[in-house]
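> any chance you can model this:
(one chain, ligands or ions: 2)
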Amino acid sequence: MNREPLIMVCTCEMSGRVRGKGFPARDLPARMRTGVGWVPTNSMINAFSQIPATPFGTKDDLILVPDPAAEARVDFGDGSANEHFFLGDIRWLDGSAWECCPRDFARRALASLKETAGVTLLSAFEHEFVYTGVESVPGESYSLDAFRRQGVFAEAFTAALRQAGAEPESFLPEYGARQYEFTVAPAEGLRSADRAVVAREMARATACRLGHRAIFSPILDPAGVGNGVHVHFSFRDAYGVPATHDPDDALGLTKLARHFTAGLLHHMPALCAITAPASVSYIRLRPNRWAPTHADVKRQDRGAAIRICPVIPGPDVNRQFNVEFRVADAAASPYLTLGAMVWAGVDGIRRSLEIPAEGPPLPATLGAALDALEASAEARVWMGATFHNAYLVHKRGELATLAGLDEKACCDRYAETY
Ligand code: GLU
Ligand code: MG
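Ligands and ions are numbered 1, 2, ... in the order given. Just a heads-up that it's a prediction; the model follows:
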């Protein structure tokens, strides 16, 4: 059969799904400038492919323009079509950023961090997921047997990550039923979120070729364990020197890292609406799941919202030292997670916020988190009024479609989509 290669340009917006449009690869030079057509209401398509409400109606035209620095091209070597896509930016026709572009939200936050504190952010998104290509058996947690029984998935996935430039670092059988985890190397600024988007898609792409699924939904069974996304972060100053660790501080944080962390804690209820944006995200965030339940920071404690990670003593302690944000999951676009974290951290730096002794409980439901986001005058400024409103309409519409479903039914719906 004759075949002609195609390329997609994609975004990962409010629904956390990666969506876009394709075109013949030979047209790439022209598409680099013109992108593909997009409309504002595309961003209102929720996780279940519904648009319960939209402030944009059927109006207006946008373009989704590929970023030459965010290309993924992977040949699985099995005769299947290459995975070839670019991540891109949503713009008005004149090239200016659309106010609800998720990538621009993160880009503006990172620029504000640089302007406020003169530092760049290094980060890495660690992912847990369920692979459907194995049976759940007693004793599977962390077992060599569970590692073995996933067959060639892990190796094919690692090769795909490598080809896509996502720098694989580890792959392991996790605690939950059929649950696995992978990590990739940290990257600077926006690249880290690009890498998270690419990595999730490579897991799905690999599983798809093997006739299975990689499911990243926050939790599949209300009685089970969750799939977290843990964002590790650290700072580099203008000379590339690590700027996160101060051995004399109680938590080992520099002044900058302390204020940033305090900003995360201060804005945590509103942040939750963005970083844990599914109704079932709040089933994961319950006691005894090794997931956070309070807006707290602790040294080497996996029950905290923010964990100060351990370092192996040696000459490069400052370089190793990093902080882990554990209140995220893969229902959230990595751009929105990264952007929201950085905006909150920058606010902490600007206001010289300090870490409180006690952490209040996290919102118990998505509805409560959305109310906190709505009430946050700061979040309204970070996002801009149009985006802030669109986000609330999007997520409240999604919640309304789940009305009357019990927790198991909600888990099942989200498992179909993520
Ligand atoms: N599965 C847990 C979560 O939902 C995390 C377990 C771990 O510490 O790796 O965040
Ligand atoms: Mg884990």
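
> just give me the neighbour total for the nearest residue to E167 once chain neighbours are set aside.
Distances taken as CB to CB, 6 or more residues apart in numbering put A185 closest to E167, at 3.8 Å, once the chain neighbours are dropped. Yep, even glycine has a C-beta here, placed from its N, CA and C like the rest. A185 sits with 13 neighbouring residues when counted by other CB atoms under 10 Å.

> try the one 3 residues further on
Here the count is done by other CB under 10 Å, and E188 has 13 residues near it.

> ok, it to ligand 1 distance?
From E188 across to ligand 1, the span is 24 Å (CB to the nearest ligand atom, to the nearest Å).

> hey, what's that residue bridged with?
L122 (DSSP bridges).

> now the strands for the stretch 251-400 of the chain?
Ranges of strands within the stretch 251-400 of the chain are 297-299, 306-308, 323-328, based on DSSP state E, counting those that start in this stretch.

> now for these, which one comes closest to ligand 1?
strand 323-328 (5.7 Å; CB to the nearest ligand atom).

> picking up where we left off before, list the contacts for the residue nearest to E167?
Shown in contact with A185 (CB atoms under 8 Å, 6 or more residues apart in numbering): 124, 167-169.

> can you tell me which of the residues you listed are buried?
Buried by 16 or more other CB atoms under 10 Å: 124, 168, out of these.

> which residues of this structure lie near ligand 1?
Residues of the chain found near ligand 1 (CB under 6 Å from any ligand atom) are 128, 225-226, 228, 284, 289-291, 302, 326.

> circling back: just the strands of the stretch 251-400 of the chain: most buried one?
By mean neighbour count, with neighbours taken as mean count of other CB atoms under 10 Å, strand 323-328 ranks first of those at a mean of 25.

> residues in contact with that one?
With contact meaning CB under 8 Å, 6+ apart, strand 323-328 is reached by 125-126, 228-234, 244, 253, 257, 261, 264, 268, 271-272, 275-276, 285, 291-292, 302, 304-309, 337, 341, 362.

> and the residue in the chain that ligand 1 sits nearest to, how many neighbours does it have?
In the chain, the residue that lies nearest ligand 1 is G228 (2.4 Å; CB to the nearest ligand atom). By other CB under 10 Å, 27 other residues sit near G228.

> number the chain from 38, please
All set: I'll call the first residue 38, so the last point we hit is now G265.

> skip the chain neighbours and tell me the closest residue to R323.
Closest residue to R323 apart from its sequence neighbours, by CB to CB, 6+ apart: T330 at 6.5 Å.

> for that neighbour, what are phi and psi?
The phi/psi pair for T330 (degrees, to the nearest 10) reads phi -130, psi -10.

> what about stretch 130-140, how long is it end to end?
With CA to CA, to the nearest Å applied, stretch 130-140 spans 17 Å between its terminal residues.

> to clarify, my last question referred to stretch 415-428.
Counting by CA to CA, the terminal residues of stretch 415-428 are separated by 15 Å.

> buried stuff in it?
Quick answer for stretch 415-428 (16+ other CB under 10 Å): 415-417, 419-420, 424-425, 427-428.
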